[in-house]
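Asks: I would like to see how this sequence folds:
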Amino acid sequence: KMSTRTVPNVLITGTPGTGKSSTAERVAAALPGFKHVNVGELVKSKSLHAGKHEDAEFDCFVLDEDMICDELEDQMTAGGNVVDFHTCDFFPERWFDLVVVLRADNSILYPRLEARGYSQKKVQENVECEIMCVVAEDARESYREDIVWELQSNSLEDLEANVARIATQVSQWANIQPAL
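Replies: Numbering: from 1, shown residues only. Take a look at the predicted model:
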């Protein structure tokens, strides 16, 4: 069914350490009335998970994807959300009008993840995911090709350029929707 939203939703996704939260916060701040939705924080604060991962080195929760979708449904239907999460393939396709996959070079990503205090195993796994383009492929398989953007996120200059580009696209969204 066609969306009845008058305001779009944006998903900012990518491997941990690519700058999703920083980008999403700034995009939401640049767009009047938009909210930043940090799904990782929501999972923790509302216990939308099935407990800790069995491998303690990963230091993460086992997501309850249905609970996450139920929690967000009304807010997403209303529109005006900049959602940030490291996976994207379980969200309903109809939720998003723009899906941005942030990418970072390994030489940048590795130290960012180490600085977070991640175990060596968790750093390696995330860097391998980035090398294998896991999140980008999930995005392309889950959403229409014309709404998926891959943007480099290696520097503050990249961050600022990405925020400006996303905010411009979103602010023009109402004008470029096909007439129903």
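Asks: Only C-alpha atoms from now on, for both contacts and neighbour counts.
Replies: Fine.
Asks: so how far is the first residue of stretch 14-34 from its last?
Replies: Start-to-end span of stretch 14-34 (C-alpha to C-alpha, to the nearest Å) is 21 Å.
Asks: Just the mean pLDDT for that stretch, thanks.
Replies: Computed over stretch 14-34, the mean pLDDT rounds to 95.
Asks: which residues touch that stretch?
Replies: Stretch 14-34 is contacted from outside by 12-13, 35-36, 38, 80-87, 101-104, 109, 112-113, 126-127, 129-130, 135-136, 153-154, 159, 162-164, 166-167, 171, using C-alpha atoms under 8 Å, 6 or more residues apart in numbering.
Asks: In strands only, show me the residues you listed.
Replies: Using DSSP state E, the subset of the contacts of stretch 14-34 located in strands is I12, T13, K35, H36, N38, N81, V82, V83, D84, V101, L102, R103.
Asks: just checking, the third one touches A78?
Replies: No - contact status for K35 versus A78: not in contact, 11.3 Å apart, counting by C-alpha atoms under 8 Å.
Asks: the more surrounded of the two?
Replies: K35 (19 against 16; other C-alpha atoms under 10 Å).
Asks: low-scoring stretches of this protein, by residue?
Replies: Within the chain, the ranges that satisfy pLDDT under 70 run 1-4, 49-62, 174-180.
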